[in-house]
Every structure is written in C-alpha cells, then in structure tokens.
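A.B. asks: Sequence and predicted model, in that order:
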Amino acid sequence: MSATQEDSPSQIPVTVLTGYLGAGKTTLLNRILTEHHGQRYAVIVNEFGEVGIDNDLLVESDEEIFEMNNGCICCTVRGDLIRTVQNLMKRRGAFDAIIVETTGVADPAPVAQTFFMDDDVRAAAKLDAVVAVVDARHVLQRLEDTSEAEDQIAFADVILVNKIDLVTDAELAAVEARIRRINPYAVLHRSERSSVEISKVLNRGAFDLDRILSLDPHFLQHGHHDHECGPDCDRDHDHGHHDHTHDHECGPDCGHEHAHHEDRHSVKSISLKAGDLDPDMFFPWINQVTQVQGPNILRLKGILAFKDDPQRYVIQGVHMIVEGDHQRDWKDDEARESRLVFIGRDLNWDVLRDSFNACAAQ
Ligand SMILES: Nc1nc2c(ncn2[C@@H]2O[C@H](COP(=O)(O)OP(=O)(O)OP(=O)(O)O)[C@@H](O)[C@H]2O)c(=O)[nH]1
C-alpha cells in the first residue's frame, strides 16, 4: 500500500534533524530553543548511549522536550515516535512545530517515513524538511567508514556544513564538492557552532517526496524500513549501543537493506558513572585516553561532578577534539553524579571503566 501526504493548513510542520555523531545537532537545537522567533516548538530527542545526557546538554527553555531513550529512533522506537506525536496532537495549539533530533547513527529515512505511513500522524503532521548537520572536519573520514553519514546527506533537504572553523578553505571546498556529489539538490549553508538563521532551517516546506522516491522507490511502502526480519535474516541483532538483543520478528523473506545498519553494529557505547571525581586525576586521564584512542572515539560526552566544585562540568569530544566547561550549579535536589559516555569502535571497555573509576575523589 502506498500513501501520500495531504496538504492541509492544520498540519503541524515537522523538522527531522539528522547528522553524524557530534556534528552539531544539539548546538543547533540550543540556538533554536534560545532564539526569540515567536514560535513554540515541541522537541523530540532520541539519543545513542544508555545514560541520558543529551537532555542535560540542552539549554533550559520553555519548550517541551520529549526524550526517547529506549533504542534507536530509526529501528526500535518508531512506535514510541508515533505515540509521542499522537499525544502531541491531542494538545494542538500548545505549539507551532515539532523538531525531531535523531541519534547520530540513525538513518533518517524510516524516521521521515513515519510521517507518511501512520494515518493519524499523517493527518496531523507534515514533514517540513530533513536538516542534516555535517561536521566539516570529520565528514570525509565518516563517509569512508560508515554508511549512515552518506544516507543522512543523501536524504537531506537542507545541509548545514558546520565546524568551518576547523578546516581550511581548500578542505571546505573538498567537503562541499563531496556533499554535492552525494546530494546535488539540498540547500547548503556554512556554519560555525551551527550558527545559521533559523528561518533557513525551519519552516522550509522543503521535503521533496518525488526526490526521495527517486532515491528510494519503496519509501512509501509499509514495512520497507521496518525491521521485522525472518529466521534466515543474517542481521546482527546486537545493536551494540545497549548491549542487548532486540526482539525482532523476522520473516523468511527478510530482504531489508541491512547495509544501512552495518556500521552501527560495530559502534558501541559505554556508559560510566561515578560520584565526585578528582580533577587532578580526571583531566590527565581524559587527555591520555583521547590522544591514544582518539581515532576510535566517535563521540564522548559527560556531566561531571568534581570534588569541592559547586558547578556541573560538561565535557564533550569528537575524536581528539575535546572541550569542557562549567554549566551551572548543582541543584539541591540533584544527586552529584558523574556520567560519561564513550561511543566508538574497538575501545577497550574494561580498561576505560577501571581507569575512569580510578579518578574517583577520595
Ligand atoms: N570547533 C567547533 N566545535 C563545534 C562546532 N559546532 C559544535 N561544536 C562542538 O562539537 C561538539 C558536538 O556538538 P553537538 O551539538 O553536541 O553535536 P551533536 O550532533 O548533537 O552530537 P550527538 O548528539 O552526540 O550526535 C560539542 O563539543 C560542540 O561544542 C563548530 O562549529 N566548531
């Protein structure tokens, strides 16, 4: 069966925000949430990694944030996405638009497809645009070693070529030429710290179903992007990021495009937790870890409590580039807990965990 999206002025525009791990999606979202644009957004955030950190990295704002952390939005939590959108629809008038931030390893196609395939959602919401944030410094490397980065670019209507401060003009030209080869149709904007006029990314009316159908002729077929696999399905069902097996119901003719997910299976996340940390132990440790294991660290992020420090410290990194800063005071009703997530390949988890624990304040 196929379906098309009817145009109706009452449909709420939905922006799907995509982009590989650490590209600058949350930075963009924070801009949207802090800028005075007169619009009210409902934001749906899906993150990769067990310890919810992304929500803590979002600025405090009046907008409503819905976290979806029980799996990857493009695989296991599409039902949650439909339910969340349906619940939002019951409160129409409370907001003007919806933004869905996907995990850095999500395939945007099934997320976008949700807005066409579910009848209730389709009647109430309209996909406005798929916006991809691209890390100009690391994207060429990502295009070599993952399939997701390419899917995200191919699928986008608007592409933010971000982190231009970290590349030379020649490197930037090479990145843009590569993006253009993958997707000649998207509107490209350059940005530093995802700084772009909000009107260039939201309310674009840019989603082009015809173009998506030419990329993916089965886009509007039910189940095409669902992972209901059969006994012959040779897909590795360990998603890695949760270290558990998902409950897929596979059919004998499982013929889904598993290539979208190959990369994800080799990408794992580790979540570390501790109480107060000793900064004199932690900083040399994290410097050493990122210098030695940086090539394999796709992303790190953490909220840290340092001994005798009244403020929360946020640390973030992509490969060897790490930055950190105080965020705000710990609240009285908040447990002082340090949480750190690494997402990467071939990381020695036991060593990481033990050496992190050794940074605990005495
Ligand atoms: N130098 C530089 N750093 C940037 C820029 N944009 C974002 N960053 C930093 O890159 C890191 C990742 O940014 P985020 O906005 O959290 O990236 P993300 O895409 O939301 O990351 P995930 O949700 O983990 O996939 C943070 O430390 C940002 O401060 C930029 O233009 N230049």
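C.D. replies: Sure thing, it's come through.

A.B. asks: Skip the chain neighbours and tell me the closest residue to Trp134.
C.D. replies: Just to correct that, residue 134 is Val rather than Trp. Spatial nearest neighbour of Val134, excluding adjacent residues (C-beta to C-beta, 6 or more residues apart in numbering): Val161 at 5.3 Å. Any C-beta I mention is one placed from the backbone N, CA and C, and that applies to glycine too.

A.B. asks: Please apply the same query to Ile297.
C.D. replies: Using C-beta to C-beta, 6+ apart, the closest residue to Ile297 is Gly344 (4.4 Å).

A.B. asks: I figured the one you found hits Ser266, correct?
C.D. replies: No. Applying C-beta atoms under 8 Å as the test, Gly344 and Ser266 come out as separate, 9.6 Å apart.

A.B. asks: more neighbours, those two?
C.D. replies: Taking neighbours as other C-beta atoms under 10 Å, Gly344 and Ser266 compare with Gly344 leading, 22 against 13.

A.B. asks: Check which helix or strand the residue in the stretch 101-250 of the chain positioned nearest to the ligand maps to.
C.D. replies: Taking C-beta to the nearest ligand atom as the measure, the stretch 101-250 of the chain has Gly104 as its residue closest to the ligand, at 3.1 Å. For Gly104, there is no helix or strand it lies in under DSSP states H and E.

A.B. asks: Please tell me how far it sits from Leu160.
C.D. replies: Look at Gly104 and Leu160: by C-beta to C-beta, to the nearest Å, they are 14 Å apart.

A.B. asks: Those two - which one has more neighbours?
C.D. replies: The residue with more neighbours, out of Gly104 and Leu160, is Leu160; 29 against 26, by other C-beta under 10 Å.

A.B. asks: How about the contacts made by the closest residue to that one other than its chain neighbours?
C.D. replies: Leaving aside its chain neighbours, Leu160 sits nearest to Val133 (4.7 Å; criterion: C-beta to C-beta, 6+ apart). For Val133, the contact set (C-beta atoms under 8 Å, 6 or more residues apart in numbering) comprises 17-19, 23-25, 28, 159-160, 162, 194.

A.B. asks: please redo it, this time with the cut-off set to 7 Å
C.D. replies: Val133 makes contact with 19, 23-25, 28, 160, 162, 194, according to C-beta atoms under 7 Å, 6 or more residues apart in numbering.

A.B. asks: still on that earlier bit, doesn't the residue nearest to Val134 lie inside a strand?
C.D. replies: Yes. Assessed with DSSP: H, G, I helix; E, B strand; the rest coil, Val161 lies in a strand.

A.B. asks: Which of the helices and strands in this structure ranks last by mean pLDDT?
C.D. replies: helix 259-266 (a mean of 46; mean pLDDT, DSSP states H and E).

A.B. asks: Let me know the next secondary structure element after that one.
C.D. replies: strand 268-274.

A.B. asks: partners of that next one, with directions?
C.D. replies: strand 338-344 (antiparallel) (DSSP bridges).

A.B. asks: Does anything pack onto the helix or strand that the strand it pairs with is followed by? Which helices or strands?
C.D. replies: For strand 338-344, the following helix or strand on the C-terminal side (DSSP H and E) is helix 349-357. Secondary-structure packing of helix 349-357 (3 or more C-beta pairs under 7 Å, 6 or more residues apart in numbering; DSSP states H and E): strand 268-274.

A.B. asks: The strand it packs on vs helix 349-357, what angle?
C.D. replies: Interaxial angle, strand 268-274 versus helix 349-357 (axes from the mean of the first three to the mean of the last three C-alpha atoms, to 10 degrees): 30 degrees.

A.B. asks: Now do the buried residues in the helix or strand just after strand 268-274.
C.D. replies: Note on strand 268-274: by DSSP H and E, the next helix or strand toward the C-terminus is helix 279-293. Within helix 279-293, the residues that count as buried by 16 or more other C-beta atoms under 10 Å are 279, 281-283, 285-286, 289-290, 293.
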